[in-house]
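J.: Dropping the sequence and predicted coords here.
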Amino acid sequence: MESASSPSAAKLYGPNRFVSLPAELDPDTYDSSPEKRRAEAERLAIRSRLKRQYQLQLNNPSPPAVIENPALIRWAYAKSQNVYPTFRPTPKTSFLGAAYALGPLLFWFFVFKADRDRKEKCFQEGKYKQPFSVFF
């Protein structure tokens with residue numbers, strides 16, 4: 001009989017000097033601690049309960065108007081409401097925000113001002129005759 005303290009096959013297996021250890025023989029996968037196995041079993045139980053609840057709602061002969069999927073609700077919340085953990089105000093983002101907000105306004109201001117100044121100068125020199133327009 002083997003003693004209880006003998007190492008597992010995954011720990012005894014070493015990588016060849018020509019070939020690295022395959023991912024299937026990773027000791028973290030096969031020799032997980034009891035706490036890790038318990039946590040995985042608990043997550044699997046939660047997933048199976050949620051799946052069963054969703055399947056019962058989906059296959060109900062008189063279903064409710066809206067079948068809520070908790071995973072989809074969490075995803076939608078994380079996507080739409082919880083945006084601040086993924087955004088950090090930095091000098092670069094502050095500058096880009098100011099440039100995108102004020103840049104077009106300042107551009108059109110200077111374009112219209114330059115056009116108005118050009119027309120005013122032409123009016124004063126008598127070189128520009130204003131065309132007749134009903135709408136403008």
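T.: Ah, there it is.
J.: mean confidence for the longest helix anywhere in the chain?
T.: Secondary structure of the chain per DSSP state H: the longest helix is helix 91-125. For helix 91-125, the mean pLDDT works out to 94.
J.: Pop the domain breakdown of the protein in here.
T.: 23-87, 89-128 (the TED database).
J.: sec struct for the most centrally placed residue in the chain, please.
T.: A centroid search over the chain (CA atoms, centre = their mean) returns K79, at 6.4 Å, as the residue closest to the centre. When classified by DSSP: H, G, I helix; E, B strand; the rest coil, K79 comes out as helix.
J.: Same check on E68?
T.: E68 - assigned by three-state DSSP - is coil.
J.: Near it, how many other residues are there?
T.: When neighbours are counted by other CB atoms under 10 Å, E68 registers 10. No exception for glycine: its C-beta is placed from N, CA and C like everyone else's.
J.: do you know how far it is from L44?
T.: 22 Å (CB to CB, to the nearest Å).
J.: try D115
T.: 69 Å.
J.: for S80, same thing?
T.: Taken as CB to CB, the span from S80 to L44 is 29 Å.
J.: rewinding a little: can you redo the domains of the chain as JSON lines with distance to S6?
T.: Below are the domains of the chain laid out as JSON lines (distance: least, CB to CB, whole Å):
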{"stretch": "domain 23-87", "distance to S6": "13"}
{"stretch": "domain 89-128", "distance to S6": "55"}
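J.: closest to V134 out of the ones you listed?
T.: domain 89-128 (19.1 Å; CB to CB).
J.: tell me which residues in that closest one are buried?
T.: The neighbour-count criterion (16 or more other CB atoms under 10 Å) identifies no buried residues in domain 89-128.
J.: Find out how far it is from the centre of the chain, if you would.
T.: 36 Å (CA atoms, centre = their mean, to the nearest Å).
J.: likewise stretch 75-83?
T.: Taking the mean of its C-alpha atoms, stretch 75-83 sits 9 Å from the chain's own mean (CA atoms, centre = their mean).
J.: can you check stretch 88-105 too?
T.: Using CA atoms, centre = their mean, the offset of stretch 88-105 from its chain centre is 21 Å.
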